[in-house]
Every structure is written in C-alpha cells, then in structure tokens.
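J.: My questions are about this predicted structure, shown below with the sequence.
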Amino acid sequence: MTDMVLCGDFNCPYSYLARGRIDALSAVGVHVDWRAVEHDPHLLPTGRRLDQDDHLRLKQELSEVTDLLLPGEVMPWELPGLIPNTEAAVVGDAEAYGAGVADDVRRLLFAAYWVDGADIGHPEVLRARLAGPILRGRSTSDPLRESGYAVSASRGPITTSAWLRIRAWRDGWTRLGTKAVPTLVEDGRPVVGAGALHRLADLISERSAPIDPDLPDPARYPKPRPRAWW
C-alpha cells in the first residue's frame, strides 16, 4: 500500500464523508495523511450567512454525497446557517498535527460545524472545543501545552512550525492544479471529489474496514496527574 494524502476543507460535505472513511481505514492500519486546506480563502473572516443560492447548492451537494454513502454511513441533513471562513480551523488542525492529536481535532472540527452548526471560523469557539486534545498533545509551546490554545485571536497559528505546515499543505495542493476538495493523491496521481470518495470506498471494501469504528471521545481532557504528598 502506497502512502496516500487527502486534501480537504471543513466546510465541504464531500470532505466530511472523506473524513469518516479515513477513520475507517485507520482502524485497519491504512494511513491516509489528511491535510487541511482553505479552499475558499476569499470568504470574509466572519463567514457568510447562507442565502437562497447557498441553500440550493448545499442541498444539491448533500444529495450527491448521500448517493455515495456505504451501508452504515450517515450524513447530517440539517444545513448550518453559516458558511464559515475556515482559516482558523485549518490553523487548529495544523497545530494539532504537530502535537500528534490531529485525528481527534479533525473529528471535532467536522462535528462542530456539520452537526452542531458552530462557527468554526471563530477563535474562541475553537479554543473551547479543541482544548481537550491540544492539552493531551505533545506540543512544547506554552500556549498549547499549558492552556490548550491552538489559534491566536487573529485566527493565526501559535507556532512557526504550524505556519510552515499550513503553507506547505496549501502549496502542495495548489501544485496539483485541481482547485477542488477533497483531493486524494495516490502514487502521485490526484483524484478529486466523488472520484476520491469512490477510491476510499474501494479500499474500505478491500480491507473490510469497519464503518464508524468505535473511537474514544476526541474532546476528552488528559487524566489529572497525581499530586505528590508527604
């Protein structure tokens, strides 16, 4: 099995389904390296309330994604009220990647938006929701290690390594020339959208991977350390 990379964004329903399939494959030892990219960077920092055209487009996309579901897979059907700018979410994911807790943070970000309808473009929303896994991570940066704070007030990264990671992810995705999410890269060849989801489905079938594997709560906090006494 060759190394695979998937570029996706948190406000994309196709990427939502791809995230679930990556988790299923991970449960049987197939690693797909998720890389978050902001596929619509021209959105206002505060995002955009859904208008009639947005409602129609998202309903159509959700309908298309639903047609691709495998037995046991589900998609949320209640449309969020906002299309968020995902810059801050990408930052949180990049910091989590460096801290070794990216899988949990990815699940939390998708659930926050698609299930709870939260504004994942707001730094304070992310700080509250991502603190558990960030505190469990292995970052040596004080804001992450001590407070679980992975996104600055200006929606930027805390660490230089996360800033470099975000730039590398975006540059790699841009060089592919697809301009679409999700983009799955296998053996250097990109496959986009439904094609990427079909390929992940094929791998799930080949490996008999469990749909919706039983995973621990991604928001859990680290266990408290016992206090010394004498």
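T.: Cool, got the structure. Just so we're clear, the structure is a prediction, and the values are computed from it rather than from any experiment.

J.: contacting residues for the most centrally placed residue in the chain?
T.: Compute the mean C-alpha point of the chain, and by C-alpha atoms, centre = their mean the closest residue is Arg106, 3.7 Å away. Counting by C-beta atoms under 8 Å, 6 or more residues apart in numbering, Arg106 touches 19, 34, 36, 93, 96. C-beta here means a position set from N, CA and C on the backbone, and glycine is covered the same way.

J.: The second one against Ile22, yeah?
T.: This points to Trp34. Yes - taking contacts as C-beta atoms under 8 Å, Trp34 lies within contact range of Ile22: 6.0 Å.

J.: intersection of neighbour lists for those two?
T.: Common neighbours of Trp34 and Ile22 (C-beta under 8 Å, 6+ apart) are Leu6.

J.: Specify which residue of the two has the higher count of neighbours.
T.: Ranked by neighbour count (other C-beta atoms under 10 Å), Trp34 and Ile22 place Ile22 first, with 26 against 23.

J.: Contacts for the one helix or strand that one maps to next, please.
T.: Here Ile22, judged by DSSP states H and E, is contained in helix 13-26. For helix 13-26, the external contacting residues (C-beta under 8 Å, 6+ apart) are 6, 8-9, 31-32, 34, 58, 61-62, 65, 68-69, 73, 75-76, 103, 106-107, 110, 114, 181-182, 184, 193-194, 196-197, 200-201, 203-204, 207, 209-213, 215.

J.: Pull out the buried members of the residues you listed.
T.: When those are checked for burial by 16 or more other C-beta atoms under 10 Å, the buried set is 6, 8-9, 32, 34, 58, 62, 65, 68, 73, 76, 103, 106-107, 110, 114, 181-182, 184, 193, 196-197, 200-201, 203-204, 209, 211.

J.: Kindly provide the distance from Leu197 to Ala180.
T.: Noted for Leu197: a distance of 12 Å to Ala180, by C-beta to C-beta, to the nearest Å.

J.: looking at it, Val181 is touching Val37, isn't it?
T.: Yes - assessed by C-beta under 8 Å, Val181 is found in contact with Val37 at 6.6 Å.

J.: anything in contact with each of those two?
T.: Common neighbours of Val181 and Val37 (C-beta under 8 Å, 6+ apart) are 7-9.

J.: mind checking pLDDT for Arg182?
T.: Quick fix: residue 182 is Pro, not Arg. We have a pLDDT of 98 for Pro182.

J.: Could you pull up phi and psi at it?
T.: phi -80, psi 150 (degrees, to the nearest 10).

J.: Please tell me I have it right and it contacts Met4.
T.: No - if you go by C-beta under 8 Å, Pro182 and Met4 don't touch, sitting 11.5 Å apart.
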